[in-house]
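**Student:** Fold the following for me, if possible:
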Amino acid sequence: MNNKKVSAVLFLFSLLTFTFLSCSNNDQENSVEDETPTLRYTANSLYESTIWTEAVELDRLTANISAVPGVSPRINLSPLAVLASKESFSKKVFPVLGSFGSLDTTLISKPLREMLASFSDSVSKNKPADSFMAKDCLYSLALFYSDFNKIFGECFELNKVEEPAEKEAGAEEKTPVSENAEGEAKDKEESENPESAQAEKKVEEKLYFTSYFFGQPFLDGVCYEVPVKFFSDKATLTLSVFCMENSGSWKIDQVQITDWEIF
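**Tutor:** Have a look, this model is predicted:
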């Protein structure tokens with residue numbers, strides 16, 4: 001009977017010992033698993049330790065731009081099509097002409113454009129352009145005309161001198177008259193034939209170029225460098241016109257010939 005009691009006590013003691021050791025092993029395994037960093041644990045740690053800045057343009061980032069006004073939502077649109085429909089995302093595209101550059105003239109204001117157009121008309125039609133120059137800048141215009149004559153002298157027959165007509169045999173010599181009498185006769189002729197007199201005054205105007213256009217200006221402080229290209233059936237001319245605004249009006253500070261071509 002005593003042996004049975006001893007056996008029962010030993011059995012219970014063994015069972016309790018086994019149970020205790022099993023629980024101890026489980027706790028050790030759990031502690032080892034907890035100490036091992038998982039991907040989620042690492043991501044959360046990085047997120048919490050990172051110093052975040054405030055969102056920029058949060059309203060635009062959270063705005064719904066998946067639909068286009070006037071287009072049924074049942075129509076599937078690509079992201080590029082949706083962005084292109086938004087004016088704030090779209091950008092104008094301007095052509096580029098070789099070495100001349102872009103034809104984007106959005107930075108040229110209306111007063112500056114009007115002044116450049118008048119100056120370009122004067123260059124195209126051989127009209128005086130002194131009034132477009134800034135104070136003390138006429139020397140630059142004189143240099144421009146000098147270079148122009150050297151380059152296009154033969155092309156536009158600028159240096160051609162008309163030889164006086166030879167006196168025909170048997171022609172009567174005119175009796176010399178005084179300068180006053182000659183001036184009075186000319187004034188009388190102009191008053192009698194105003195149309196012919198006006199036509200004679202326009203003879204000096206020569207049409208060098210038939211068209212022109214402006215390019216994208218280069219801004220250097222308050223100075224605008226505007227490229228201008230002229231065209232005709234004989235030649236092309238490219239100018240750099242430096243413009244400055246003074247007392248509300250635009251004036252030309254300098255004119256440079258940058259390129260040309262003679263056909």
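
**Student:** where do the strands sit along the stretch 1-150 of the chain?
**Tutor:** 96-97, 101-102 (DSSP state E, counting those that start in this stretch).

**Student:** Would you reformat those strands as CSV and include mean neighbour count?
**Tutor:** To be clear about C-beta, it is placed using only N, CA and C from the backbone, and glycine gets the same treatment. Shown next, in CSV, are the strands of the stretch 1-150 of the chain (neighbours: other CB atoms under 10 Å):
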stretch, mean neighbour count
strand 96-97, 12
strand 101-102, 14
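
**Student:** now for those strands, which one comes closest to residue 255?
**Tutor:** Nearest to residue 255 among those is strand 101-102 (17.8 Å), distances taken as CB to CB.

**Student:** Now tell me what touches that closest one from outside.
**Tutor:** For strand 101-102, contacts defined as CB atoms under 8 Å, 6 or more residues apart in numbering pick out 94-96, 215-216, 227.

**Student:** Please produce a markdown table containing those residues, extended by distance to residue 251.
**Tutor:** Output for the contacts of strand 101-102, formatted as a markdown table (distance: CB to CB, whole Å):
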| residue | distance to residue 251 |
| --- | --- |
| 94 | 27 |
| 95 | 29 |
| 96 | 29 |
| 215 | 20 |
| 216 | 21 |
| 227 | 18 |
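
**Student:** For PyMOL, write the selection for the buried entries among the residues you listed.
**Tutor:** Only the buried entries of these go into this PyMOL selection, using 16 or more other CB atoms under 10 Å:
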select buried, resi 215+216+227
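
**Student:** now for the strands of the stretch 1-150 of the chain, which one comes closest to residue 47?
**Tutor:** Of the strands of the stretch 1-150 of the chain, nearest to residue 47 by CB to CB is strand 101-102, at 46.1 Å.

**Student:** Pairing partners for the closest one, with directions?
**Tutor:** Paired strands of strand 101-102, with direction, are strand 96-97 (antiparallel) (DSSP bridges).

**Student:** can you tell me which strand in this protein is longest?
**Tutor:** Identified as the longest strand of the chain according to DSSP state E is strand 249-262.

**Student:** And that one, what does it pack against?
**Tutor:** Packing contacts for strand 249-262, counted by 3 or more CB pairs under 8 Å, 6 or more residues apart in numbering; DSSP states H and E, involve helix 110-124, helix 138-152, strand 235-246.

**Student:** hey, which of these is tucked in deepest?
**Tutor:** strand 235-246 (a mean of 18; mean count of other CB atoms under 10 Å).

**Student:** Just list what it packs against, helices and strands only.
**Tutor:** Applying 3+ CB pairs under 8 Å, 6+ apart, one finds that strand 235-246 contacts helix 110-124, helix 138-152, strand 223-231, strand 249-262.

**Student:** Fine by me, we can end here.
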